[in-house]
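In: structure for the following, please:
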Amino acid sequence: MKQPAIQFAILVTAVLALAACGDRPEPEPAAPATAPPPDIAEPADDGGEAIEAFMARIAEHCGEAFEGEVAGYAPESEDNAFSNRRLVMHVRECLDGELRVPFHVGDDHSRTWLLTRTEDGLRLKHDHRLEDGSEDEITMYGGDTAAPGTPRRQEFPIDQYSVDLYERTGILRSTGNVWAMEIEPGEYFAYEVVRADGSFSRVEFDLSEPVDTPPTPWGWPELDD
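Out: Residues are numbered from 1 along each chain as shown. Here you go, the predicted structure:
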């Protein structure tokens, strides 16, 4: 009668073996042969590419001139120095890191916009000359970009030099100026200024129809052909 005892012993052994298997921890999955690279954040755009694209859009028209008109002005009760006068911008000189764009208002050839690439962004200055070529009392005002901007639009909050200039000459309403320029290739170029009191002026130039080159701006040398 040993056979039932042997069978019982085998059954007990099997049950114990199964119980032991249930207590074992699940094996960890094998690591992949090559781990995926960690996520790498893209470097922040400091506006350099947008500024270069903006400058390039203007430089495409180097040597050309375009007629413009007042596209917005407020308050309307004030005199607008640009109204009823022929407005012409001339992309006159395109240098490495600088564009020189005279802005002719009727027979007044005193204004030249200077756009200069800086280490941190883009600078706009207004070079004003008298008819004899000497500097106007109110000249070289403007500001630097404070934000990256886009290839289409750049804004220039007033700098401290210009605040001091306006305070010294009594033009207090302009001490909070923000200038802006916009360009849509083949369509228009716009120049505007917004003051802290809400007044503003905007001029738009038609880039689809070049006009004759205007006279040399006051105080600047003739260009070689």
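
In: pLDDT weak spots in the protein?
Out: Within the chain, the set of residues satisfying pLDDT under 70 comprises 1-47, 77-79, 225.

In: show me where it has its strands.
Out: Using DSSP state E, the strands of the chain run over 65-74, 87-90, 93-95, 98-105, 108-117, 122-128, 141-144, 153-157, 178-184, 188-194, 200-211.

In: which parts of stretch 150-167 are buried?
Out: For stretch 150-167, burial by neighbour count (16 or more other Cβ atoms under 10 Å) applies to 151, 154, 155, 156, 157, 158, 159, 162, 163, 165, 166. For the C-beta atoms, the positions are set from N, CA and C on the backbone; glycine is no exception.

In: just the CA coordinates for it, please, in PDB.
Out: What follows is stretch 150-167, C-alpha atoms only, in PDB (Å, rounded to 0.1, in the frame of the first residue of the first chain):
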ATOM      1  CA  THR A 150       9.100  90.000 -36.800                       C
ATOM      2  CA  PRO A 151      10.300  90.100 -40.400                       C
ATOM      3  CA  ARG A 152       7.300  92.300 -41.100                       C
ATOM      4  CA  ARG A 153       7.300  94.800 -38.200                       C
ATOM      5  CA  GLN A 154       9.800  96.300 -35.700                       C
ATOM      6  CA  GLU A 155       9.100  98.700 -32.900                       C
ATOM      7  CA  PHE A 156      11.500 101.200 -31.300                       C
ATOM      8  CA  PRO A 157      10.600 102.600 -27.800                       C
ATOM      9  CA  ILE A 158      12.300 106.000 -27.200                       C
ATOM     10  CA  ASP A 159      15.800 105.900 -25.700                       C
ATOM     11  CA  GLN A 160      17.100 108.100 -22.900                       C
ATOM     12  CA  TYR A 161      19.100 110.400 -25.300                       C
ATOM     13  CA  SER A 162      15.800 111.300 -27.000                       C
ATOM     14  CA  VAL A 163      13.900 111.800 -23.800                       C
ATOM     15  CA  ASP A 164      16.600 114.300 -22.600                       C
ATOM     16  CA  LEU A 165      16.500 116.000 -26.000                       C
ATOM     17  CA  TYR A 166      12.800 116.500 -26.000                       C
ATOM     18  CA  GLU A 167      12.800 117.700 -22.400                       C
END
